[in-house]
Every structure is written in structure tokens, then in C-alpha cells.
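Enquirer: only geometry, no sequence info:
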């Protein structure tokens, strides 16, 4: 976790920007720039006597165009925040939703962020066993994914974690295991009460702390971090005490309702120990910005450059506001 | 689950072939046919004053070659078993391990299996929340992945399941949630005892049965199946009684140690209710076959066609043997 901790210290900013592009958050000027032609082709193929191969081909071209739009969008966001934040967290699901072409855009995004000096957390939440977990751990060892850390799911126990830890150790990288997720229904499983009186997520927390033992770096944190949602203020504070060698990746700030006050108790006494994610709050800031509204508003003549200008300006402001918001509660 | 159940009935075979290619299980003749040139290029680049872009490019060409070899291997296996088994289960991790190029081979494999009339279970074990789960559910709605069902992880509760169920309902597809995995360390989480005396996996089983209610098809099984490992004979039998509307996907037969006797108790009284997976036992059958040994043996002049012949012959025999093994214990 050392590289992440040092980047946070350097920027004095424990936040990470979630790169989760969707058709809602990428400006339409950008989406259509890459897909308008293919989409028109696809629309023209509607009807019953159409060659399915032609439809499949046009669908793939649209997906490739969407993937290109996602990458251009991400590049603008990365350029906008690279001097403000220490890390980005692309959510692979958003890219997978485009089909195989989306994964190219995911890997290109990770690579570009690394080139800009950012620590890249691949939010992949993979979890499987034995040789399959080893295959997934290629995210950390194969030079084509360009991730510095990945998120993993602990439901399969240590078999699903060890191959990632081995890969991380080999390549000076990290992983983050889900412990307490930010969503409401996470409680259906994670808050189940065990025979000993503790909750399932507390037992998972103990396992994560235990799995990480032996991999602690210069600052006392192991290579296995924990995902702990910002929406659980008291649990977060208790988990900090329970997991003294485990760094926290904290989703749920901003759009999901978590505040700086909610995460304040998860810092350690030195003001380290967590990195807080915001996705829509940064990359979608342009959708609620006056500047963007002026640039893009109802003006159908707005260009791709106008849209990127709006994205960049709004993302910078939002990233700085989040940084200052978190600095205000750092011990 | 109706389509799967009808295909099982038609073939009188409750088994599924796991398409999990690795460099160990794909014959070397096939691997080198696609990658020898690029690999030689990559090897020739070793040294300290090498252009990193040239290395990256050669690495990508090797990965693309490996992906092509995986697809050719899968196509041979699919052709070999298409008249014997109802379904295949490609494990996406094996393809992801090659980088983005691997995902193309995954999707092409799924598409080819569907074209051969097989039901395709994408073993993706995805699990996330809200809009992210919706993005992953594109595996079932986007026409580029070609899956009939996917596996999912239940640790995030119903938020992580509902988008998949909605997608499955919309497209007449299915999902399988992890309940009791076949690996040893699964017990670290799944066997934890709850305050009420039951185990975590039993509670998950109840949730899965409950989440599926309302989506039952013609045969009484819902669209949400459960993954239950063959390595837990007594638990499997008890789960069958506990989850009367939940179809089981059963890994762990064969190479992992599970036997037909182990899974016998998971059938319902009509001989339905489960589909049993074998991966290495089928696709890797050539590695222990006398026929393959004769064809490939120490003969360095063996061709790609020799290797495919060995794979096909051995996979057919192994798939029939597994079918007959399971038929013998069907009620």
C-alpha cells in the first residue's frame, strides 16, 4: 500500500476519482461523435428481412464507438484531476457492458492514468477459487491491464485471496477485499449475526486483517485493503480500530449519501488509513454546473470541444472541493 | 431455467462441459501455431535498451495468438460434445488472464456454442450494486456476449441480484448465485454459524430461494439457480430439500474429487434439478489418453490436426463416460 499512501501524502488528498462512464454521464456531443454513423446504419437495418450478420456487425461498430467515447471522456477527466488526486478507480462493469470492445477502453484508461502518474485501482470485484483465482490475478501480473490494485470478493475464503496476494507481492501491487459495502441490501448478508455475537462483516474484517499479516509495508499497512462504505459511520470507526493494519477504500461518498463527517472516524491517528472514492460527483459534475449549462445548454451547435471543456472545468472544481472537504476532517 | 431443463431432458444428460482453457490443457502444437512467430519476436527483444512500445506490441500479439488458440481449442471441444451434452460453461477468468484480447475469444466461444445449440453458462461470478450491477447484467442483454445464464456472487445482497433477474426475465435467461462453493476455504465464510444455529450458506440458500420466487418456469424452477459444490454430499442433499424451486449448478465433479454418488442426493424425485460441471476431466482428457499419447507422444512432428484429433476423440469419450456415470445415479 506504500505507493498509494505516498501519493496521498504528496497530494495531501485522500480521494480517488471513480471512472464509471455511462451513456448518461458522457456528454451526448462526445457519444454521437463516435457512433452517429454506425447508429444510423443500425437504425436503417430495422425490419424483419434483415441480415442478422449485418445487424451484429453494426452493433459491434456502435459498441466500439461507445468505447472510444468512454476513453476520450476518461482522458479528459484524468487530465483534469491528475495534479489534484493520487488515484483513479475505473469500474470495469461499465466497460464490460459494451461487450469485449469495452475492455479495450478499460485497459487503455488504466494505462493512460498510470502514464499520468496516478495509482490505478481496478474495481473488478473478482472472486473465484484455485486456478481460476490465479487466472484473475493476471490483472496484477499481466502487462496488459495496467492496474496497481484490484478489488476482490471474499465469499470464497482464502483460496480466492491468496493468488491475488502472491501476484501483488510479486509486482509491488495491492488488493482490496469487500468487507462492508455501501448499498442498503448489503446488510442481508453482511449484518447477519453470528453465534459468537459478532456480525458476518466483522468476521470477514478479522479474516482480511489476518490474510494481510506478513505483507505490511513501510507505513504498517498490509497489501490487502478493505472496502468499507462511507454510509456506515459508526461501523467504519469500529472497523478502523478492529483492523489496524488494513487500509480502507471507501465508496459511497457524495452521490450515494456519504459525507466527510461519515468517513472522519476511519482515518488513523496520523491522518492516513483511507482513500475515499467519488464517481458521479466528479465525472458527472458538469451535468449540474452553470458553466457547463452555458456552454452546452440548449445549444445544439455545441461541439465536442465545448463538451470536453465543460467536463474538465467541472471535474477540476469538484475534485478540489472534495479534497478540501476531506482535508477539513483529517486528524 | 426451462430451456436448460429441456436440453438436459433431450440429451438425457445432466452435465455441462467447463471450457476453461489454459496453457497446460491446450496442446502445445495449437499454442505454438498461433504464437510462435510473435513469441520469437518477443524473446529477441530481451535486453536493457529495448523500446518498451515494441515489447508491449509483441506482448499483445502473443496474447492475441493465445486467444486464437483458445478459441480453436474450444471449437474442437464444442464440436466433439455438442450431440452429447446440453450445455457448456466457459470460465471467463481464463480468457481475462490474456488481457482484453482474451475476452474476444470468450465471446466468440459463447457464440459458437450457441450456434451449435448448446446452452451457455458464463461463469463470471460478478457481484456489485445498483447501476454497476445493471452494467454487469448487460452480459444477459447485450447481444455481444452470447450467454444464456451467468453466475453471480451474493455477498452484496439483493441489490446485486435484482438487475440480473430483471435482465434474465426480459430475455428468457437465467442466473446462478454462489451458495456453497466446492473449495476447501469456502468454509471460512460459508460455514460460519449464525445466532439462530444455521450456517451462513444456509441463510444464503434461503435468500436465493426467496429472490427467485415469482420467476418459476414450467418445471417449477425459478430463474435464479444456486452453485452448490459436488464436494459436499450431505449439505447438497439438505440444500435440495431446503430449496425446492432452485436449480443447482454443481462444480467439483471429477478433477476436484466429487463423484456421481456425491451429487446423487441433489436430484429431485423426477431426476431433474441439477446440472453437473466437469472441466479438466473433459477438455483435458487427452492429456491422460493412450490414443492421444500415440498421436502426440514424443513425436515432435505431430501436427495441429493430430492435436485436435486427440482432443476431440478424448473429449467425446470422457463426456459419454460422465453422462453414463450420472445416468446411473439419476432417480
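Expert: Yep, that arrived. As the structure is a computational prediction, the values presented were derived from the model and not from experiment.
Enquirer: which residues does the helix or strand where residue A:188 lies contact?
Expert: Following DSSP states H and E, one finds residue A:188 within helix A:187-190. By C-beta atoms under 8 Å, 6 or more residues apart in numbering or on different chains, the residues outside helix A:187-190 that reach it are A:179-181, A:199-201, A:204, B:154-158, B:200, B:203-204, B:207. C-betas here are computed from N, CA, C, even on glycine.
Enquirer: and which of those residues is nearest to residue A:245?
Expert: Of all the contacts of helix A:187-190, residue A:179 has the smallest distance to residue A:245: 13.6 Å, by C-beta to C-beta.
Enquirer: the closest one in helix, strand or coil?
Expert: strand (DSSP: H, G, I helix; E, B strand; the rest coil).
Enquirer: tell me how far the residue of chain A positioned farthest from its centre lies from residue B:291.
Expert: Farthest-out residue of chain A from its mean C-alpha position, per C-alpha atoms, centre = their mean: residue A:49, at 42.9 Å. Going from residue A:49 to residue B:291 by C-beta to C-beta, to the nearest Å gives 48 Å.
Enquirer: report the buried residues of the helix or strand residue A:88 falls within.
Expert: Per DSSP H and E, residue A:88 falls inside strand A:87-90. Neighbour counts over strand A:87-90 (16 or more other C-beta atoms under 10 Å in any protein chain shown) mark A:87, A:88, A:89, A:90 as buried.
Enquirer: list the residues that contact the residue positioned nearest the centre of chain A.
Expert: For chain A, the residue nearest the mean C-alpha position is residue A:89 (2.9 Å; C-alpha atoms, centre = their mean). By C-beta under 8 Å, 6+ apart, the residues touching residue A:89 are A:16, A:17, A:18, A:19, A:120, A:121, A:122, A:123, A:249, A:277, A:279.
Enquirer: which non-adjacent residue is nearest it?
Expert: What sits nearest to residue A:89 in space, not counting adjacent residues and going by C-beta to C-beta, 6 or more residues apart in numbering or on different chains, is residue A:121, at 4.2 Å.
Enquirer: does residue A:33 touch residue A:302 like I think?
Expert: No. With contact defined as C-beta atoms under 8 Å, residue A:33 does not count as touching residue A:302 (11.5 Å).
Enquirer: would you mind listing what in the stretch 201-331 of chain A touches chain B?
Expert: Residues of the stretch 201-331 of chain A lying close to chain B by C-beta under 8 Å from any C-beta of the partner chain are A:203, A:204, A:207.
Enquirer: ok, now which ones touch the second one?
Expert: Applying C-beta under 8 Å, 6+ apart, we find residue A:204 in contact with A:154, A:177, A:178, A:179, A:190, B:189.
Enquirer: which strands and helices sit next to the top helix by length along chain A?
Expert: Longest helix in chain A, counting residues (DSSP state H): helix A:52-81. Other elements packing on helix A:52-81 under the criterion 3 or more C-beta pairs under 8 Å, 6 or more residues apart in numbering or on different chains; DSSP states H and E are strand A:15-19, helix A:28-44, strand A:87-90, helix A:92-96, helix A:100-115, helix A:280-283, helix A:304-327.
Enquirer: need these in TSV with mean pLDDT, can you?
Expert: Below are those laid out as TSV (pLDDT from 0 to 100):
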stretch	mean pLDDT
strand A:15-19	98
helix A:28-44	84
strand A:87-90	98
helix A:92-96	97
helix A:100-115	97
helix A:280-283	96
helix A:304-327	96
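Enquirer: hmm, back to that, so the residue nearest to residue A:89: helix, strand or coil?
Expert: strand.
Enquirer: distance of it relative to chain B?
Expert: 14 Å (C-beta to the nearest C-beta, to the nearest Å).
Enquirer: which residues touch that residue?
Expert: By C-beta under 8 Å, 6+ apart, the residues touching residue A:121 are A:16, A:87, A:88, A:89, A:147, A:148, A:149, A:150, A:151, A:176, A:249.
Enquirer: same thing but 10 Å
Expert: Residues near residue A:121 by C-beta atoms under 10 Å, 6 or more residues apart in numbering or on different chains: A:4, A:16, A:18-19, A:87-91, A:110, A:113, A:147-151, A:174-176, A:225, A:249, A:275, A:277.
Enquirer: and residue A:29, by the same measure?
Expert: Applying C-beta under 10 Å, 6+ apart, the residues contacting residue A:29 are A:69, A:296, A:300, A:301, A:302, A:303, A:304, A:305, A:306, A:307, A:308, A:310.
Enquirer: do that again at 8 Å, thanks
Expert: The contact partners of residue A:29, by C-beta under 8 Å, 6+ apart, come to A:296, A:302, A:303, A:304, A:306, A:307.
Enquirer: tell me, how many residues neighbour the fifth one?
Expert: If I follow you right, that is residue A:306. Residue crowding around residue A:306 was assessed by other C-beta atoms under 10 Å in any protein chain shown; the count is 17.
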